[in-house]
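K.L.:
Below are the sequence and a predicted model; questions follow.
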Amino acid sequence: MTAIAAAPPASRRAGGRRRHTGALWGLVAWAVGLFFFIPIAWMILTSFHSEPDAATNPPSIAAHLTMQGYREFFGASTGTSPWPAVINSMTASIVATLLVLALSIPAAYALSIKPVRKWTDVMFFFLSTKMLPAVAGLLPIYLIAKNLGMLDNIWLMVILYTSMNLPIAVWMMRSFLAEIPMAILEAASIDGAGLITVFRRVIIPISAPGIAATSLICFIFSWNEMLFARVLTGVRSTTAPVFLTSFVTSQGLFLAQVCAAAVAVSLPVLIAGFAAQDKLVQGLSLGAVK
Amino acid sequence: MTTLTTESPAGASAPAGRRHRDVQGTGRLAVLLLSPTFLVLGLVVGYPVLAGFRESLYTTGQSLDANGFVVQGSQFVGLDNYTAIFHGDRATAFWNAFFNTTFFTVVTVTLETLIGVGMALIMHHAFRGRAVVRASILVPWALPTAISGLLWRWIFQADGVANAILHHQVLWTADGNQSKVAVIIAETWKTSPFIGLLVLAGLQMIPQEVYEAAKVDGASPWQQFVRITLPLVKPTLLVAVLFRLLDVLRMFDLPFVLIGAHKDSVQTLTMLAWNEATNLRYGSAAAYATVLFLYIALVAYLFVKLLGADIIGQARQHKSRKAAA
């Protein structure tokens, strides 16, 4: 007991017990966070400026704030609303992320917990689909979509984003699931739990941080995808980044407007990030493992 | 068994409900769990890849359809599109792009890994306002490339912030080595958070008890990092680095938005393929894409073979542990 009682102060993980180290880490973290955030802070600040203020260099911090940039982006003078594009992007990103999870978790389970013969080949096959430059796949996909009458259809984007994100999701989920101690799964099956119960009660709760990270990544990749969206979507199914670039092309000289547009298009991703944050923080507590 | 029959319609994996996970059932279950993923990837990715390869053996004729895409009049030319890449001016352009691609990959992935792991370690600690800091570090990666390219173009423009800070006039976006630096800075800023996020999730899954046991044994923080954190985070880190490798090797939009097309100093292999495609030389574009595909496949294979050995080892461990139990 004495050894255990003496041990914690010697470590920096003891949290409250070593306030100074904790404060130092906090300071470093804030400095790094700030450094990475400064360009974005500048963009957000500029988005609230009027056009003459936005054009000054270095950026004026004390300038009068206005919502004019946002009003312009939401169609005050051009008359085109970004909402249909945002809704399209939402549909494509959310549905694709859910499909990716539904497909990749069982596949990753098969590859990690129950190793298949030649599973490295399987993993490599998944990977190889990420090796071809997207430019090369574009023409065949365009022709197929045209023949199927799927051009300018948001569900085509759902299918494409699902398959684009599947390889990374399988690889990631596999590495998370591989960390689940086999003993828990054995205990569950000895207690008579079927596969679905094991998934619902054991695997998914334990790997929640991994699932959160995977869904966040799939959501962001789908939300930001440009190349395919630009070629394969049209008037009805245009996505937010495509709308944004066409807005930038027409309003590119108006810095405040462009910044407002960029902030507005990035907002859903930021919200998703905050939402997933929660789950990310939940560690694997040994209480669950026992 | 009654519970099994009621359960099975709910999921696609009916035979999986077996109470005892016998060795024979494992193979069937795995096939069942994997097949939907295979099907989707085969249809949506596999077919276009093969079609693209076929395209690389043809040269495009004169006839274009209404959309500007060539559908008819292609001629089979065998490997001519490939040999053309390695002759004359195009060989110079190819090796330049090849060098750029490799250079960007080595430099940015190294920087991103170091910064990303550092970020994850910092974010893993408890401190005031942790959620806010985590979120703000992740933001650069979440930003669409079209936006971050634009953002860095403003920073690097002649009268922009970068030059104001340096008190020095550098033409960042002109052709030359400084534009390579600009691309590397923007790319590292944008994607270090990606590695940071993955490593952080890996860190979160390490049981606290392992560290406590190490502390009882008197391990120093450095020893804990080298002996516990790194080995346990390694599978996640390797996946993150591997996917970064695949992405950087195909880098396209950042140099394109930041510096522009047809700039030798930042021309990547994907940009070469894109140039060909926009000039309606699809066969040639597909040939470039296939060459790049082979290069990436080689890099990925070497990476998995050289560094991924313990990913395989880990799965085997599970297997043998299971067999022992």
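P.N.:
Structure received.

K.L.:
so where's the chain uncertain?
P.N.:
All of this refers to chain A. Within chain A, the stretches falling below the threshold (pLDDT under 70) are A:1-22, A:56-60, A:76-78, A:113-119, A:252-253, A:276-290.

K.L.:
meant chain B actually
P.N.:
Counting by pLDDT under 70, chain B contains low-confidence ranges at B:1-26, B:60-74, B:308-325.

K.L.:
Find the closest residue to chain B in the stretch 51-200 of chain A.
P.N.:
Of the residues in the stretch 51-200 of chain A, the one nearest chain B is residue A:136, at a distance of 3.3 Å by C-beta to the nearest C-beta. From N, CA and C alone the C-beta is placed, and that goes for glycine too.

K.L.:
tally of neighbours for residue A:223?
P.N.:
25 (other C-beta atoms under 10 Å in any protein chain shown).

K.L.:
In a helix, it, correct?
P.N.:
Yes - checked against DSSP: H, G, I helix; E, B strand; the rest coil, residue A:223 lies within a helix.

K.L.:
could you measure it against residue B:245, distance?
P.N.:
Here the distance between residue A:223 and residue B:245 works out to 23 Å (C-beta to C-beta, to the nearest Å).

K.L.:
do the same with residue A:201
P.N.:
With C-beta to C-beta as the criterion, residue A:201 and residue B:245 are 37 Å apart.

K.L.:
The residue in the stretch 151-300 of chain B positioned nearest to chain A and residue A:132: what is the separation?
P.N.:
Per C-beta to the nearest C-beta, residue B:289 is where the stretch 151-300 of chain B lies closest to chain A, at 3.3 Å. Noted for residue B:289: a distance of 6 Å to residue A:132, by C-beta to C-beta.

K.L.:
Out of these two, name the residue with the larger neighbour count.
P.N.:
For residue B:289 versus residue A:132, neighbours defined as other C-beta under 10 Å are more numerous around residue B:289 (31 against 22).

K.L.:
hmm, back to that, so where does the residue of the stretch 151-300 of chain B closest to chain A fall, helix or strand?
P.N.:
Residue B:289 is located in helix B:282-307, with elements delineated by DSSP states H and E.

K.L.:
what's the domain layout of chain A?
P.N.:
Chain A resolves into domains spanning A:2-73, A:83-288 when parsed by automatic domain parsing.

K.L.:
correct me, but residue A:131 touches residue B:301?
P.N.:
No - when contacts are counted by C-beta atoms under 8 Å, residue A:131 is not listed as touching residue B:301 (10.1 Å).

K.L.:
Spit out the contact partners of the residue of the stretch 51-200 of chain A closest to chain B.
P.N.:
For residue A:136, the contact set (C-beta atoms under 8 Å, 6 or more residues apart in numbering or on different chains) comprises B:48-49, B:52, B:273, B:285-286, B:289-290, B:293.

K.L.:
quick one: which of those residues has the most company?
P.N.:
Counting by other C-beta under 10 Å, top hit in the contacts of residue A:136: residue B:289 with 31 neighbours.

K.L.:
who are the neighbours in contact with that one?
P.N.:
Taking C-beta under 8 Å, 6+ apart, we find residue B:289 in contact with A:132-133, A:135-136, B:52, B:56, B:270, B:273.

K.L.:
in what helix or strand does the closest residue to it other than its chain neighbours lie?
P.N.:
For residue B:289, ignoring the flanking residues on the chain, the nearest one in space by C-beta to C-beta, 6 or more residues apart in numbering or on different chains is residue A:136 at 3.3 Å. Of the helices and strands defined by DSSP H and E, residue A:136 is found in helix A:134-148.

K.L.:
swap in residue B:190?
P.N.:
The secondary structure element spanning residue B:190 is helix B:177-204 (assigned by DSSP H and E).

K.L.:
re the thing from before, of the contacts of residue B:289, which pair is most distant in space?
P.N.:
Pairwise distances among the contacts of residue B:289 were taken by C-beta to C-beta; the largest, 15.0 Å, belongs to B:56 and B:270.

K.L.:
The closest residue to residue B:94 other than its chain neighbours - how many residues pack around it?
P.N.:
Taking C-beta to C-beta, 6+ apart as the measure, residue B:94 lies nearest to residue B:85, with 5.3 Å between them; neighbours along the chain are not counted. The local packing count at residue B:85 equals 18, with neighbours defined by other C-beta under 10 Å.

K.L.:
Run through the neighbouring helices and strands of the helix or strand containing residue B:141.
P.N.:
In this structure, residue B:141 sits in helix B:130-142 according to DSSP H and E. Other elements packing on helix B:130-142 under the criterion 3 or more C-beta pairs under 8 Å, 6 or more residues apart in numbering or on different chains; DSSP states H and E are helix A:19-47, helix A:208-224, helix A:255-281, helix B:88-124, helix B:177-204.

K.L.:
Now do the next helix or strand after that helix: which elements does it pack against?
P.N.:
Sequence-wise, the next helix or strand beyond helix B:130-142 is helix B:145-156, with elements assigned using DSSP H and E. The elements that helix B:145-156 packs onto, with contact taken as 3+ C-beta pairs under 8 Å, 6+ apart, are helix A:19-47, helix A:240-251, helix A:255-281, helix B:161-166, helix B:177-204, helix B:253-258.

K.L.:
So what touches the second one?
P.N.:
Residues outside helix A:240-251 that contact it (C-beta under 8 Å, 6+ apart): A:72-73, A:78, A:82, A:85-86, A:88-89, A:223-226, A:229-230, A:233, A:257-258, A:261-262, A:265, A:268, B:144, B:146-147, B:150.

K.L.:
and for residue B:289 and residue A:132, which residues touch both?
P.N.:
Each of residue B:52 lies in contact with both residue B:289 and residue A:132 under the rule C-beta under 8 Å, 6+ apart.

K.L.:
hmm, back to that, out of the helices and strands packed on helix B:145-156, which is closest to residue B:37?
P.N.:
Closest to residue B:37 of the helices and strands packed on helix B:145-156, according to C-beta to C-beta: helix B:177-204, at 20.4 Å.

K.L.:
what's the spacing between that closest one and its chain's center?
P.N.:
Averaged C-alpha coordinates place helix B:177-204 at 12 Å from its chain's average position (C-alpha atoms, centre = their mean, to the nearest Å).

K.L.:
repeat for stretch B:222-237
P.N.:
Distance, stretch centre to chain centre, for stretch B:222-237: 22 Å (C-alpha atoms, centre = their mean).

K.L.:
for stretch B:200-219, same thing?
P.N.:
Per C-alpha atoms, centre = their mean, the displacement of stretch B:200-219 from the mean C-alpha position of its chain is 29 Å.

K.L.:
what about that stretch, start to end distance?
P.N.:
Length of stretch B:200-219, first residue to last, C-alpha to C-alpha, to the nearest Å: 22 Å.

K.L.:
Could you pull out the buried residues of it?
P.N.:
Of the residues in stretch B:200-219, B:200-207, B:211-212, B:214-215, B:219 count as buried by neighbour count, 16 or more other C-beta atoms under 10 Å in any protein chain shown.

K.L.:
what does stretch B:82-101 give?
P.N.:
In terms of neighbour count (16+ other C-beta under 10 Å), stretch B:82-101 has its buried residues at B:82, B:84-85, B:94, B:97-98, B:100-101.

K.L.:
what residues are up against residue B:219?
P.N.:
So, once contact is read as C-beta under 8 Å, 6+ apart, residue B:219 ends up touching B:227-228.

K.L.:
thinking again about what came up before, does any part of the helix holding residue B:190 sit near chain A?
P.N.:
Yes - Helix B:177-204 lies in contact with chain A when judged by C-beta under 8 Å from any C-beta of the partner chain; the contacting residues are B:189, B:192-194, B:197-198, B:200-202, B:204.

K.L.:
How about that helix, which residues are buried there?
P.N.:
Of the residues in helix B:177-204, those scored as buried under the neighbour-count criterion (16+ other C-beta under 10 Å) are B:179-180, B:182-204.

K.L.:
moving C-terminal of it, what's the next helix or strand?
P.N.:
Towards the C-terminus, the helix or strand next in line after helix B:177-204, according to DSSP H and E, is helix B:208-216.

K.L.:
Run a quick neighbour tally on the residue nearest to residue B:149 when sequence neighbours are not counted.
P.N.:
Nearest residue to residue B:149 in three dimensions, chain neighbours excluded: residue B:257, at 2.9 Å (C-beta to C-beta, 6+ apart). When counting by other C-beta under 10 Å, one arrives at 20 neighbours for residue B:257.
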